[in-house]
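> attaching a predicted model along with its sequence, questions to come.
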Amino acid sequence: MKVNIDVVRHQRHGQQHLVVISVDPDAGEPIPGDTAGPQLRQYTDEVEAVRVLYFVTALRTVVVVAYIEV
């Protein structure tokens, strides 16, 4: 079975960002907006050129809304 190494590398980096916000949900910064519901947050990594949009539930569960490569 042949595996594309770039895809494997990409998946590993994607998981790294998810681990960061899972361990510390406050690692990202709040995005200004409506305060009625859970606050949308963003975690950016300028070195890897990635932006993760997410919110944290009352039970501190991280829900990823978008994973954006910039």
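Arrived safely, thanks for sending.

> what's the average pLDDT for the helix or strand hosting residue 18?
Taking DSSP states H and E as the definition, residue 18 sits inside helix 5-23. Per-residue pLDDT over helix 5-23 has a mean of 61.

> packing partners for whichever helix or strand comes after it?
Reading on from helix 5-23 to the C-terminus, the next helix or strand found by DSSP H and E is strand 29-30. Packed against strand 29-30, as judged by 3 or more Cβ pairs under 8 Å, 6 or more residues apart in numbering; DSSP states H and E, are the following elements: strand 40-45. For the C-beta atoms, the positions are set from N, CA and C on the backbone; glycine is no exception.

> parallel or antiparallel, list what pairs with the helix or strand following the strand it packs on.
Sequence-wise, the next helix or strand downstream of strand 40-45 (DSSP H and E) is strand 50-56. Counting by DSSP bridges, the strands paired with strand 50-56 are strand 40-45 (antiparallel), strand 62-69 (antiparallel).

> CA atoms of strand 50-56 as PDB?
Provided in PDB are the C-alpha atoms of strand 50-56 (Å, rounded to 0.1, in the frame of the first residue of the first chain):
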ATOM      1  CA  VAL A  50      -3.700  27.400  10.300                       C
ATOM      2  CA  ARG A  51      -6.800  29.000  11.900                       C
ATOM      3  CA  VAL A  52      -9.200  26.900  14.000                       C
ATOM      4  CA  LEU A  53     -12.600  28.300  14.900                       C
ATOM      5  CA  TYR A  54     -14.300  26.600  17.900                       C
ATOM      6  CA  PHE A  55     -16.400  27.100  20.900                       C
ATOM      7  CA  VAL A  56     -16.300  25.500  24.400                       C
END
